[in-house]
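Colleague: Predicted model follows, preceded by the sequence.
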Amino acid sequence: MTVSPLNGKHIVLGITGGIAAYKSAMLTRLLIKSGAEVQVIMTPNAREFITPVTLSTLSGKPVITEFFSANSGEWHSHVDLGLWADAFVVAPATASTIAKMACGVADNMLVTSYLSTRARVFVAPAMDFDMMQHPTTTRNLQLLRADGCTIIEAAEGELASHLTGKGRMEEPENIVRVLESAFSPISASLAGKKVLITAGPTQEKIDPVRYISNYSTGKMGYAIANEAAARGADVTIVSGPVGHFYLHPGIKVIHVESALEMLDKAQGSFADTDIAILAAAVADYRPAFRHSSKIKREENSIDTVELVKNPDIAATLGAAKRPGQTLVGFALETDNELDNALRKLVRKHLDMIVLNSLRDHGAGFGTDTNKVTLVFADGSARELPLKSKSEVAADILDNLPK
Ligand code: CTP
């Protein structure tokens, strides 16, 4: 008999108040059968749909709903629970709990535990068709995705309202499958590898208040970093200025502003790196002169900013590459995409280049999705469909040349 990857894992199962809560009993049973330890947390509304007795019997642990036990007054620590968990699963996740998770409204045990956890988080939405389609729900799910949660998409079918459409919670067997694949041995496929990632834009200062930059948000680079860390790699990100992202524990982030700083830090880490993935949108030019005080419109106004070329970080690392190191770059092109990408790969001594075309809808800066073609040193190419940036990250790591 094969052992499930969930064997011995600690799973917090959060159950919220939707009709699909009845399926959580089966989900609990399947998780226990796979060898996992399951701690159920119910929201107060969930208790209207399924009894805690059913779930505590199936999980073999008292169900937690409140911060304090009504009988003994014992305090349930959301921090301890969050840290105990290897996986934090919310199934079913109602529109309301999704919104609370997205915005950090910590008014119950489930959401406080979510905010305390460092575990991988899986959310299986279940709600009526119209609620599922509402822009608010779409937006909140996008926020959760951006925070690193895996959304186990709702299925289509007949709903409690007797309407038919998307909104049914995914079947418990499939939820277990998603969890098993997340914890399967491939997840450790980069164990012992050092991965260096450049991410985000660079900012090239003109004076203390102005800079030259680009629209990069860093999403793609951070998605690759999280995926590599989830596969066991020791990850360092050299990151230009970006917003806040979910970060897998253990990732080291070195913050930089300019291309020169990024080059310096990337070179500093490169020697003992096994795989370097250069996802940063490095500004190709910087002002030749950086004014130390603000340029005033009236007094010392300037009409032109003289620019000088920035070093090419990818090409610099490519020239220093030693056997056994893998170097991956990106190419953002608007025309002659494949030719240009292949030329870039050769010029920078890359082993693979991830080609984005700005002509593809859903690809490029700031989106949660990307459509890429992986181009290899032998000239072969693999075109992938539109996917979420975390799925693209997984594809990139699955296809790394040896
Ligand atoms: N890159 C880099 N340093 C630079 C410019 C680019 O490391 N100064 C890296 C990017 O991180 C990416 C790859 O090189 O992995 C290609 O970047 P791209 O902007 O598409 O190419 P460029 O070389 O800048 O060429 P062009 O702008 O002419 O298309």
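Modeller: Now that the structure is in, tell me what you want to look at.

Colleague: Now do the residue of the chain most remote from its centre against Ser293, distance only.
Modeller: Using Cα atoms, centre = their mean, the residue of the chain lying farthest from its centre is Glu299. It sits 47.6 Å away. Applying Cβ to Cβ, to the nearest Å, the value for Glu299 to Ser293 is 11 Å. Every C-beta, even on glycine, is put in place using the N, C-alpha and C of the backbone.

Colleague: go on, His361?
Modeller: According to Cβ to Cβ, His361 and Ser293 sit 44 Å apart.

Colleague: what bits of the stretch 101-250 of the chain have low per-residue confidence?
Modeller: The stretch 101-250 of the chain contains residues with pLDDT under 70 at 186-187, 246, 249.

Colleague: Write out the residues of it neighbouring the ligand.
Modeller: By Cβ under 6 Å from any ligand atom, the residues of the stretch 101-250 of the chain that approach the ligand are Thr198.

Colleague: so what's whatever residue of the stretch 101-250 of the chain ends up closest to the ligand up against?
Modeller: Across the stretch 101-250 of the chain, the shortest distance to the ligand (Cβ to the nearest ligand atom) belongs to Thr198, at 5.8 Å. Listed by Cβ atoms under 8 Å, 6 or more residues apart in numbering, the contact partners of Thr198 are 221, 237-240, 262, 266, 276-280, 282, 313.

Colleague: does Val40 belong to a helix or a strand, and which?
Modeller: strand 37-42 (DSSP states H and E).

Colleague: so what does that strand touch, helix or strand wise?
Modeller: Where contact means 3 or more Cβ pairs under 8 Å, 6 or more residues apart in numbering; DSSP states H and E, strand 37-42 is packed against strand 10-15, helix 23-33, helix 52-59, helix 78-84, helix 109-116.

Colleague: could you check the angle strand 37-42 makes with the third one?
Modeller: Translated: helix 52-59. Here the directions of helix 52-59 and strand 37-42 differ by 170 degrees (axes from the mean of the first three to the mean of the last three Cα atoms, to 10 degrees).

Colleague: which parts of helix 52-59 are buried?
Modeller: Pro52, Leu55, Leu58, Ser59 (16 or more other Cβ atoms under 10 Å).

Colleague: between that helix and strand 10-15, how many degrees?
Modeller: Going by the same axes, to 10 degrees, helix 52-59 makes 160 degrees with strand 10-15.

Colleague: what does the last one give?
Modeller: Orientation note: helix 109-116 sits at an angle of 140 degrees relative to strand 10-15 (the same axes, to 10 degrees).

Colleague: Restricting the selection to alpha carbons, write helix 109-116 to PDB.
Modeller: Extracted in PDB, the C-alpha atoms of helix 109-116 (Å, rounded to 0.1, in the frame of the first residue of the first chain):
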ATOM      1  CA  MET A 109     -11.200  31.800  15.700                       C
ATOM      2  CA  LEU A 110     -10.900  30.700  12.000                       C
ATOM      3  CA  VAL A 111      -9.600  34.000  10.600                       C
ATOM      4  CA  THR A 112      -7.300  34.800  13.600                       C
ATOM      5  CA  SER A 113      -5.700  31.300  13.100                       C
ATOM      6  CA  TYR A 114      -5.400  32.000   9.300                       C
ATOM      7  CA  LEU A 115      -3.600  35.300  10.100                       C
ATOM      8  CA  SER A 116      -1.200  33.400  12.400                       C
END
